[in-house]
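In: could you work out the structure for the sequence below:
(chains A, B and C)
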Amino acid sequence: MLAFVVTSLVCFLTYLFLTTGSGSIAGLWSIEEILLGLLLSLFAGFISQNIFIKDSYRMANPKRWLLFLVYLFGPFFIGMAKANFDVAYRVITGKINPGIVRISPGIKTDLGITMLANSITLTPGTLSVDVDEKTNDLYVHWINVKEEALKKKPVDERYICGSFPKWVRRIAE
Amino acid sequence: MIATYIIYLFMGIGIFFMLLGGIGLIRFPDVYTRLHAGTKCTTFGSIFLTLSVVILGLKTWYLGDVNGSVLAIHTIIALAAILITNPTGAHAIARAAHRSGVKPVNAVVDDLEKEEKKK
Amino acid sequence: MIEIGMEYLTILLLLFITIILAGIRIIKGPTTPDRVVGLDTVNTVVIVGMVIFGAAYREVIYIDVAIVYALLSFISTLFIAKYLEGGRF
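Out: Numbers count the residues shown, from 1 in each chain, chains lettered A, B, ... in the order given. Now for the predicted structure:
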């Protein structure tokens, strides 16, 4: 029951966010939009309650959202800017030395591994290819393999994604 | 007005990276490296292009038109959609490419291939 | 006919050139995943083009269409990838 209420509430807030400026209730919404949104979000909440809320309510903590925003605008954005200049350099010179390596970041939750894989894809020289579903190890395509990183298997995640696993662990676990 | 120059600057950066993504798509030798260009550059370029539209909306709002805020909010939602879906799609394509048997060209090391042979 | 600014026209033209570059990859691509990569890039560029178009005409409806297009193109990419794997859904 709680899962149903929470899912419906999130749907309703998203609907309100999408329809700002449609009328005059509180200066922003019209009565039709609010009624229709309520109906649709109850329906959507009924269908998707078991998908949206899987194991626990730990993501309902506002501190995690704040950390996520700090992560998004801090280390993530800087890494992304570096990644693009890196790709620009490689497009112009054509110097590549690719390979697929395995890293073992030790993150347990589904949301955490999704966030880490997306971060890896958007940051310098790396692209996540596959995931081992039992151990949550990631296979990463690396555009410029460093020789000294290959001595140890699985490869140290310090070379691939820097401090990201630490951040992801603080946000999603 | 300074906002106009910021909009032009962001548009310039964004379109530069978009074109770079297109050129990289032509120049790189295999699927994985092409995904590097096609995902990173277009995502970064679209961040800057949509941010310029957000600033335009905020400027319109500041000048007294309520429609500007709606423009800004909807553009932020579109940006969030791009940011979530683009890397996930790239991941899906890379995995499908590897499983359908496309090997990385000139690869130094391929841990995933060994793993698949073991099974 | 509403006039739109020169800067938006330039941006849209350059985005069109990007689409042509990705289109060359779609036609040439030696393997099927190459073509899918090109298609994915075209999708992203079309989304951004719609946002720029909405800004040029000050019409929010184009941006709503862009949001829906982003989500639908994502799903179509996932389905094509799943098909290439030859897997079950």
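In: what about A:Val101, how many neighbours?
Out: Under the neighbour criterion other CB atoms under 10 Å in any protein chain shown, A:Val101 is assigned a count of 25. All C-beta atoms are positioned from the backbone trio N, CA, C, and that covers glycine.
In: what's the spacing between it and chain C?
Out: A:Val101 sits 20 Å away from chain C, going by CB to the nearest CB, to the nearest Å.
In: I figured that residue hits A:Lys146, correct?
Out: No - the pair formed by A:Val101 and A:Lys146 falls short of the contact definition of CB atoms under 8 Å, at 10.1 Å.
In: for the residue nearest the centre of chain B, helix, strand, or coil?
Out: Centre of chain B computed as the mean C-alpha position; nearest residue by CA atoms, centre = their mean is B:Thr43, 1.2 Å away. For B:Thr43, the reduced secondary structure class is helix; criterion used: DSSP: H, G, I helix; E, B strand; the rest coil.
In: how about it, what does it touch?
Out: Listed by CB atoms under 8 Å, 6 or more residues apart in numbering or on different chains, the contact partners of B:Thr43 are A:Met80, A:Leu122, B:Ile82, B:Leu83, B:Asn86, B:Pro87, C:Thr44.
In: what's the following helix or strand after the lengthiest helix in chain A?
Out: Secondary structure of chain A per DSSP state H: the longest helix is helix A:31-52. The element immediately downstream of helix A:31-52 (helix or strand, assigned by DSSP states H and E) is helix A:62-71.
In: what's whichever helix or strand comes after that following helix packed up against?
Out: Past helix A:62-71, heading to the C-terminal end, the next element that is a helix or strand (DSSP H and E) is helix A:77-93. Under the contact definition 3 or more CB pairs under 8 Å, 6 or more residues apart in numbering or on different chains; DSSP states H and E, helix A:77-93 sits against helix A:110-122, helix B:2-27, helix B:42-62.
In: quick check: buried residues in helix A:77-93?
Out: Neighbour-count burial for helix A:77-93, with 16 or more other CB atoms under 10 Å in any protein chain shown as criterion, is recorded at A:Gly79, A:Met80, A:Ala83, A:Asn84, A:Asp86, A:Val87, A:Ala88, A:Arg90, A:Val91.
In: as TSV, those with pLDDT would be great.
Out: Formatted as TSV, the entries for the buried residues of helix A:77-93 read as follows, by pLDDT from 0 to 100:
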residue	pLDDT
A:Gly79	83
A:Met80	84
A:Ala83	82
A:Asn84	84
A:Asp86	82
A:Val87	82
A:Ala88	83
A:Arg90	81
A:Val91	80
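In: ok, stretch B:25-36 near chain C or not?
Out: Yes - contact of stretch B:25-36 with chain C (CB under 8 Å from any CB of the partner chain) involves B:Leu25, B:Ile26, B:Val31, B:Arg34, B:Leu35.
In: what do you get for stretch A:42-55?
Out: No - for stretch A:42-55 and chain C, the contact criterion (CB under 8 Å from any CB) is not met; the two come no nearer than 14.2 Å.
In: tell me the mean pLDDT for that stretch?
Out: The pLDDT scores in stretch A:42-55 average 82.
In: repeat for stretch C:10-25
Out: Here stretch C:10-25 scores 90 as its mean pLDDT.
In: for that stretch, list the C-alpha coordinates in CSV.
Out: What follows is the C-alpha trace of stretch C:10-25 in CSV, where atoms were taken according to Å, rounded to 0.1, in the frame of the first residue of the first chain:
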residue,chain,number,x,y,z
THR,C,10,22.8,28.6,-38.8
ILE,C,11,22.5,26.2,-35.9
LEU,C,12,19.9,24.1,-37.6
LEU,C,13,21.9,24.0,-40.8
LEU,C,14,25.0,22.8,-38.9
LEU,C,15,22.8,20.2,-37.2
PHE,C,16,21.7,19.1,-40.6
ILE,C,17,25.3,18.6,-41.7
THR,C,18,25.8,16.4,-38.6
ILE,C,19,22.8,14.3,-39.6
ILE,C,20,24.3,13.9,-43.1
LEU,C,21,27.7,12.8,-41.6
ALA,C,22,25.8,10.2,-39.5
GLY,C,23,23.8,9.2,-42.6
ILE,C,24,27.0,8.5,-44.5
ARG,C,25,27.9,6.1,-41.6
